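S.K.: please find the sequence and the predicted model below.
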Amino acid sequence: MSKLTFVDYDNLPEPRKGQPAPERLVEGNPQFLAWDIAQTGDGAVRSGIWEATPGAYRSIKGETFEFCVILSGVSELIEDGCAPRRIVTGDAFAMHPGFVGTWRVIETTRKLWVSRD
């Protein structure tokens, strides 16, 4: 069995559908699609693709570390107590454990992510 997993953007697995929990919704009606790509045997490290439609919701990472690369779209990430950051195609960033803020999707946004719980 190969120890490589390639992301085939034209042939993604069936996505999971979702939306923010009601208590985290800030505005609009954002809808999520998530494609699981790979994970470690214990599930502690996972990767995939996530997409959200316009709207805003509270993002709370808890103990999770997440690295992201924006594949398409425009969003704004507003860490509590910090200035808003506009994120666009090609931007890469990490959200560290304890991150709390608001994710505002301006144009449908898709990201590639890797997280560790």
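M.R.: Sure, I can see it.
S.K.: just the strands in this structure please.
M.R.: Taking DSSP state E as the test, the strands found in the chain are 16-18, 25-28, 32-39, 45-52, 55-60, 65-79, 85-88, 92-95, 100-116.
S.K.: tell me which of these sits nearest to L4.
M.R.: Nearest of the strands of the chain to L4, taken as C-beta to C-beta: strand 32-39 at 9.5 Å. Bear in mind the C-beta positions are built from the backbone N, C-alpha and C, glycine included.
S.K.: if we can go back for a sec, go through the strands of the chain and name the closest to S2.
M.R.: strand 32-39 (11.2 Å).
S.K.: what comes up buried for that closest one?
M.R.: 32-33, 35, 37 (16 or more other C-beta atoms under 10 Å).
S.K.: redo the residues you listed as JSON lines? Include distance to K111 and pLDDT.
M.R.: Compiled in JSON lines, these are given as follows (distance: C-beta to C-beta, whole Å; pLDDT from 0 to 100):
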{"residue": "F32", "distance to K111": "11", "pLDDT": "98"}
{"residue": "L33", "distance to K111": "11", "pLDDT": "98"}
{"residue": "W35", "distance to K111": "11", "pLDDT": "97"}
{"residue": "I37", "distance to K111": "12", "pLDDT": "95"}
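S.K.: check the residue nearest the centre of the chain and give its pLDDT.
M.R.: Centroid-nearest residue in the chain, with C-alpha atoms, centre = their mean: W50, separated by 5.2 Å. Here the pLDDT value assigned to W50 is 98.
S.K.: who are the contact partners of it?
M.R.: By C-beta atoms under 8 Å, 6 or more residues apart in numbering, the contact set of W50 is 32-35, 110-111, 113.
S.K.: what does stretch 11-24 contact?
M.R.: With contacts defined as C-beta under 8 Å, 6+ apart, stretch 11-24 is touched by 25, 29-36, 49, 51, 55, 57-60.
S.K.: ends of it, how far apart?
M.R.: With C-alpha to C-alpha, to the nearest Å as the measure, stretch 11-24 spans 32 Å from end to end.
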